[in-house]
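**Student:** next comes the sequence, and after it the predicted model I'd like to discuss.
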Amino acid sequence: MKLFRRLAGLNSLERKLLIHATMTVAAFRLALWLLPGSACFRLAQPGPGSDSFSPACLAWAVRTVSRHIPGATCLTQALALRWLLSRSGHVSVVRIGVAKQQGRFHAHAWVEHAGAPLLSTPAEVAAYAPLAVWESAV
């Protein structure tokens, strides 16, 4: 019920954005489960669409809906956000980094727009050594 009350408090544009983000995150979650990684990266390169949301709004939407989609990892969220950013005409970079923390190997994927991470904080991504960079061509 709490979720429905929160949704009712949003305007129609915000609800539309959350629905679009839900479908996008779920689609990339499924794609990462079924397809090779290279195919998923190709899918995350759409042509510009008619959407015109700000990068901050798109990041908010992806972060919000990802809490409710099982297995929506950082890579799932990064690919979904990159797709949404591209559809709104924003240039972005997906970065994948690795780190050894407390004796264990960790990997993290994040999206940057205008040099700033959108789904992670600068302090979070600073801990990771770059492994792969994928720039958009919008």
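**Tutor:** That came through fine.
**Student:** which strands or helices does the lengthiest helix in the chain pack on?
**Tutor:** Longest helix of the chain, by residue count under DSSP state H: helix 12-34. Contact here means 3 or more C-beta pairs under 8 Å, 6 or more residues apart in numbering; DSSP states H and E; on that basis helix 12-34 packs against helix 37-43, helix 55-66, helix 74-87. (C-beta placed from N, C-alpha, C; glycine too.)
**Student:** distance to Lys100, mean neighbour count and mean pLDDT for the ones you listed - can I get that in JSON lines?
**Tutor:** Shown next, in JSON lines, are the helices and strands packed on helix 12-34 (distance: least, C-beta to C-beta, whole Å; neighbours: other C-beta atoms under 10 Å; pLDDT from 0 to 100):
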{"stretch": "helix 37-43", "distance to Lys100": "22", "mean neighbour count": "13", "mean pLDDT": "77"}
{"stretch": "helix 55-66", "distance to Lys100": "26", "mean neighbour count": "21", "mean pLDDT": "95"}
{"stretch": "helix 74-87", "distance to Lys100": "17", "mean neighbour count": "25", "mean pLDDT": "94"}
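**Student:** nearest to Ala21, out of those?
**Tutor:** helix 55-66 (3.7 Å; C-beta to C-beta).
**Student:** now do the residue in the chain sticking out farthest from the centre, the pLDDT please.
**Tutor:** Checked against the mean C-alpha position of the chain, the extreme residue using C-alpha atoms, centre = their mean is Gly103, at a distance of 27.9 Å. Per-residue pLDDT puts Gly103 at 91.
**Student:** when you give positions from now on, start the count at 37
**Tutor:** Yep, numbering from 37; the last one is Gly139 now.
**Student:** what about it, distance to Ser128?
**Tutor:** 33 Å (C-beta to C-beta, to the nearest Å).
**Student:** spit out the contact partners of Ala108.
**Tutor:** Counting by C-beta atoms under 8 Å, 6 or more residues apart in numbering, Ala108 touches 61, 65, 101-102.
**Student:** what's the closest residue to Leu79 other than its chain neighbours in contact with, if anything?
**Tutor:** Take Leu79 and drop its neighbours on the chain: the residue closest to it by C-beta to C-beta, 6 or more residues apart in numbering is Ala67, 5.9 Å away. Neighbour list for Ala67: 75-76, 79, 115 [criterion: C-beta under 8 Å, 6+ apart].
**Student:** thank you, goodbye.
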